[in-house]
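Trainee: sequence plus the predicted model coming up.
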Amino acid sequence: MTISLPNGMRSRIDTNPDFQRPSVWSLSQKQLLIDTILRGYDIPKMYWRKVGTNPDAYEVVDGQQRLRAIWSFFDGEYSIPSDAEPINGANVAGLLISELSDELAIQLQTYSIDVVIMENTDEDEVREMFLRLQNGTSLKAQEKRNAMPGQMRDFVRGLTNHSFFASVAFRNVRYTHDQVAAQITCLEIAGEPTNVKNGDLNKMYSQNQTFPDNGSIARLVKKTLDVLALTFPEPTPELERYNVIALYCVIAELQRQYIFDDIQPHVHDWFIEFESIRRLQDELDEDAADAEWVSYKEKISHSTDAQESIRFRMEFMMRHLLSRFPALRQRDNQRDFTHIQRLTVYRRDQGCCQLHIRCAGEKVRWDDWHCDHRTPWVEGGATTVENGQVACPSCNLAKGAN
């Protein structure tokens, strides 16, 4: 068909079905396409899926960037490159479509493009075709996952409509919200910090094509996002990609392990305070900054999708939060302190025994100490950071004997 035909069919051509990436071509890429067409060179064929009749309607499977570039040139939105060489002896540099000679305008209008019309194809076939056609191009990993068939893809896509994503500080450019939604889903499936790199997300999509959006994992993801939306009801500039992932892990852990309702209204202010301290620490020379904040800065700067980095950031946030709310109780009043509670107590007491029964407050190794209840658990003492203390083994055993 000639290039002018789809230009007159715009209302019946969907260039942005949900498996497509948004428009990402730069001005120079668009200008190069028009220059190619005006010189009579071939451009790749397009693939459209027929989705309606009377009148016919189509979805663009491949070629949407080219089609949009052509339409925007027809609309006079950009000109030919200012350094373009003459065409058939005619100067075209910097010209809009309205400024082309009649000869070049006719040449443009009658340029032939190859369009393959796909009929009687289901959604999975179209997505498979899209991925095959894009193979070897500069599609980002999440753009490719967005074109994968299956219910995991549908679930992640749906999560991006959650109100929490209206509060984050990063825009949904090239499916960034989908990327984060996929990562938190991967974390929830693991039930703990895990690798959420592109290879891990690809595996999750391929292994969960029948993922139920009302299953237990899906409900947990939505529940945690609900809490985050309630906690951050307005756009919050501190909610960057790197800390949204760790913050999700913190909120999920709080819901699993602790009686969270009492402090939930205060989590917003805690998080803003946390980020304020981080910025102040970032402004200090490395020698003057707190060593743990230096480590945190490194973890948010490199390999942020790795399990080790996510675990460190989550535990660092949790320790800061438990220090702010030391009376936070476990959901079931377990006798054993959680790993994060132990870390918080150990750091607060600087690793020194607080009992002073058999020692004078000696410093203990992380792998050789007891987290002791100040008020004994058997006497109703809660398993909280506030009621915990570092004890060397000999002092704690002597306390138990007494």
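Mentor: Sure, I can see it. Residues are numbered from 1 along each chain as shown.

Trainee: helices and strands of the protein: which one bottoms out on pLDDT?
Mentor: Least confident helix or strand of the chain, by mean pLDDT, DSSP states H and E, is helix 123-134 with a mean of 66.

Trainee: over to the residue lying closest to Ile13 once chain neighbours are set aside. Which of the three states is it?
Mentor: Leaving aside its sequence neighbours, Ile13 sits nearest to Tyr58 (CB to CB, 6 or more residues apart in numbering; 5.1 Å). All C-beta spots, glycine's among them, are computed from the backbone N, C-alpha and C. Tyr58 falls in the strand class when you classify it by DSSP: H, G, I helix; E, B strand; the rest coil.

Trainee: Cys371 too?
Mentor: What three-state DSSP gives for Cys371 is strand.

Trainee: my read: it touches His339, true?
Mentor: No - if you go by CB atoms under 8 Å, Cys371 and His339 don't touch, sitting 10.2 Å apart.

Trainee: neighbour count: these two, which is higher?
Mentor: Ranked by neighbour count (other CB atoms under 10 Å), Cys371 and His339 place Cys371 first, with 21 against 10.

Trainee: check contacts around that one.
Mentor: Counting by CB atoms under 8 Å, 6 or more residues apart in numbering, Cys371 touches 337, 341-342, 345-346, 388-391.

Trainee: spatially nearest residue to it, not counting backbone neighbours?
Mentor: Nearest one to Cys371, counting by CB to CB, 6+ apart, is Phe337 at 4.5 Å.

Trainee: can you show me the strands along the stretch 1-150 of the chain?
Mentor: Secondary structure of the stretch 1-150 of the chain (DSSP state E, counting those that start in this stretch): strands located at 13-14, 46-52, 57-62, 115-118.

Trainee: just want the angle from the third one to strand 46-52.
Mentor: It stands for strand 57-62. Angle, strand 57-62 to strand 46-52, by axes from the mean of the first three to the mean of the last three CA atoms, to 10 degrees: 150 degrees.

Trainee: and strand 57-62, what other elements does it pack with?
Mentor: strand 13-14, strand 46-52, helix 123-134 (3 or more CB pairs under 8 Å, 6 or more residues apart in numbering; DSSP states H and E).

Trainee: so how far is it off the chain centroid?
Mentor: With CA atoms, centre = their mean, to the nearest Å as the basis, strand 57-62 stands 28 Å off its chain's centre.

Trainee: could you say which helix or strand holds Ile310?
Mentor: helix 307-324 (DSSP states H and E).

Trainee: how about Met152?
Mentor: Using DSSP H and E, Met152 sits within helix 151-159.

Trainee: tell me which residues of the helix or strand just after that helix come out buried.
Mentor: Downstream of helix 151-159, the first helix or strand assigned by DSSP H and E is helix 176-190. Neighbour-count burial for helix 176-190, with 16 or more other CB atoms under 10 Å as criterion, is recorded at 176-189.

Trainee: what's helix 176-190 packed up against?
Mentor: Packing contacts for helix 176-190, counted by 3+ CB pairs under 8 Å, 6+ apart, involve helix 141-146, helix 151-159, helix 198-207, helix 216-231, helix 241-257.

Trainee: quick one: work out the angle between the helix holding Met152 and helix 216-231.
Mentor: Computed by the same axes, to 10 degrees, the angle separating helix 151-159 from helix 216-231 equals 10 degrees.

Trainee: what's helix 151-159 in contact with?
Mentor: With CB under 8 Å, 6+ apart as the test, helix 151-159 has contacts from 18, 145-146, 165, 178, 181-182, 184-185, 204-205, 208-213, 218, 221-222, 225.

Trainee: can you rerun that using 7 Å?
Mentor: Here helix 151-159 makes contact (CB atoms under 7 Å, 6 or more residues apart in numbering) with 18, 145-146, 178, 181-182, 185, 204-205, 208-211, 213, 218, 221.

Trainee: over to Ile259: give its phi and psi.
Mentor: With angles defined as degrees, to the nearest 10, Ile259 sits at phi -80, psi 100.

Trainee: that one is in contact with Arg331, isn't it?
Mentor: Yes - look at Ile259 against Arg331 with CB atoms under 7 Å: they come within range, at 5.7 Å.

Trainee: can you give the domain ranges for this protein?
Mentor: The chain breaks down into these domains under automatic domain parsing: 4-134, 141-324, 339-401.

Trainee: any idea which of the ones you listed scores lowest on pLDDT?
Mentor: Of all the domains of the chain, the minimum mean pLDDT falls on domain 4-134 (a mean of 84).

Trainee: so how far is that domain off the chain centroid?
Mentor: The gap between where domain 4-134 is centred and where its chain is centred comes out at 31 Å by CA atoms, centre = their mean.

Trainee: same question, stretch 163-179
Mentor: Using CA atoms, centre = their mean, the distance from the centre of stretch 163-179 to the centre of the chain it belongs to is 7 Å.

Trainee: ok, and what's touching it?
Mentor: So stretch 163-179 is contacted by 21-22, 24, 140, 142-143, 146, 156-157, 160, 225, 228-229, 232-241, 244 (CB under 7 Å, 6+ apart).

Trainee: swap the cut-off to 6 Å and go again
Mentor: The contact list for stretch 163-179, computed with CB atoms under 6 Å, 6 or more residues apart in numbering, reads 140, 142-143, 146, 156, 160, 225, 228-229, 232, 235-237, 239-241.
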